[in-house]
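A.B. asks: What follows is a predicted protein model with its sequence.
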Amino acid sequence: MKKLLMILTSHADLAMENGQTGVWLSTFADAYYAFIQAGFEVTVASPRGGQSPIDPLSEENAHITEGIKTYREDFMAKMDFGNTWSLEEVGSLAYDAIYIADGHGGLWDMAANAKLGQLLYSGLLNNTPVAMVGHGVAALFSLAKLRPAVLQGMHVTAFTDTEEALLKRHAYLPFSLKDRLKELGAQFTHAIIPFTPHVETDGIFITGQNPASAVMTAQALVERMEVEQLYCG
């Protein structure tokens with residue numbers, strides 16, 4: 001059975017009064033069930049371990065997906081989400097793939113995380129596929145601290161400045177994902193219409209622009225693993 005490491009943010013606070021962020025729930029739930037249905041053994045982790053925060057906005061009716069509906073009735077999935085391993089605990093274990101969910105908190109706790117950088121660097125050395133959605137793409141900055149040229153020319157997508165502005169959170173964030181990716185040499189692309197799906201694949205990396213891209217990103221990772229298994233088998 002293929003082993004997949006799913007990483008969630010541990011950061012809950014936006015730089016604003018009464019502002020709360022966390023995991024964008026559909027990017028956990030939708031991907032989680034795509035991986036379970038594909039027969040993967042999923043380990044859920046976060047920078048600090050334990051219960052990951054959920055972005056309250058992601059639980060509003062407009063953002064509810066079939067994955068979230070299933071998650072709400074799934075005791076085991078709730079156990080996985082509520083009792084995540086810390087990155088320190090999973091750092092020495094081997095995985096066949098990595099998936100990083102969306103959530104504004106990733107701008108704080110994934111962009112400069114030494115353990116996460118080491119995990120991704122190990123993935124790069126071992127040709128381990130890595131999928132990231134939305135603000136989870138900030139994990140590439142932790143990798144860039146170990147391999148500064150890794151983003152040079154890489155085709156990548158992530159949550160856009162326009163989408164941040166439409167959510168009215170742009171003024172409270174530590175940096176622009178798009179700007180920092182481009183500063184490090186990435187070829188940044190995005191969907192023409194905000195909040196619609198867009199996925200980029202470059203080498204081992206699969207990036208999804210926003211929560212609407214989570215299913216496509218997870219499916220791309222599953223397909224990548226199936227092709228590798230067929231080739232290796």
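C.D. replies: Thanks, I have the structure now. Bear in mind that the values here come from a model prediction, so they are computed numbers and not experimental data.
A.B. asks: all helices for this structure, in order.
C.D. replies: For the chain, the helices defined by DSSP state H cover 25-37, 66-72, 75-82, 87-90, 106-109, 114-125, 139-146, 161-167, 177-183, 214-232.
A.B. asks: Nearest to residue 198 among those helices would be which one?
C.D. replies: Among the helices of the chain, helix 214-232 comes nearest to residue 198, with 8.3 Å by Cβ to Cβ. All C-beta spots, glycine's among them, are computed from the backbone N, C-alpha and C.
A.B. asks: Taking helix 25-37 as reference, get the angle to that closest one.
C.D. replies: 30 degrees (axes from the mean of the first three to the mean of the last three Cα atoms, to 10 degrees).
A.B. asks: So which residues make contact with helix 214-232?
C.D. replies: 2, 26-27, 30-31, 34-35, 38, 40, 96-97, 99, 101-102, 129, 131-133, 197, 199, 201, 206-208 (Cβ atoms under 8 Å, 6 or more residues apart in numbering).
A.B. asks: ok, back up a step: rebuild the helices of the chain as JSON lines, extending it with distance to residue 53, mean neighbour count and mean pLDDT.
C.D. replies: Below are the helices of the chain laid out as JSON lines (distance: least, Cβ to Cβ, whole Å; neighbours: other Cβ atoms under 10 Å; pLDDT from 0 to 100):
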{"stretch": "helix 25-37", "distance to residue 53": "10", "mean neighbour count": "24", "mean pLDDT": "98"}
{"stretch": "helix 66-72", "distance to residue 53": "15", "mean neighbour count": "16", "mean pLDDT": "97"}
{"stretch": "helix 75-82", "distance to residue 53": "11", "mean neighbour count": "14", "mean pLDDT": "96"}
{"stretch": "helix 87-90", "distance to residue 53": "16", "mean neighbour count": "17", "mean pLDDT": "92"}
{"stretch": "helix 106-109", "distance to residue 53": "11", "mean neighbour count": "26", "mean pLDDT": "96"}
{"stretch": "helix 114-125", "distance to residue 53": "17", "mean neighbour count": "18", "mean pLDDT": "95"}
{"stretch": "helix 139-146", "distance to residue 53": "17", "mean neighbour count": "21", "mean pLDDT": "97"}
{"stretch": "helix 161-167", "distance to residue 53": "17", "mean neighbour count": "15", "mean pLDDT": "95"}
{"stretch": "helix 177-183", "distance to residue 53": "20", "mean neighbour count": "18", "mean pLDDT": "97"}
{"stretch": "helix 214-232", "distance to residue 53": "18", "mean neighbour count": "18", "mean pLDDT": "86"}
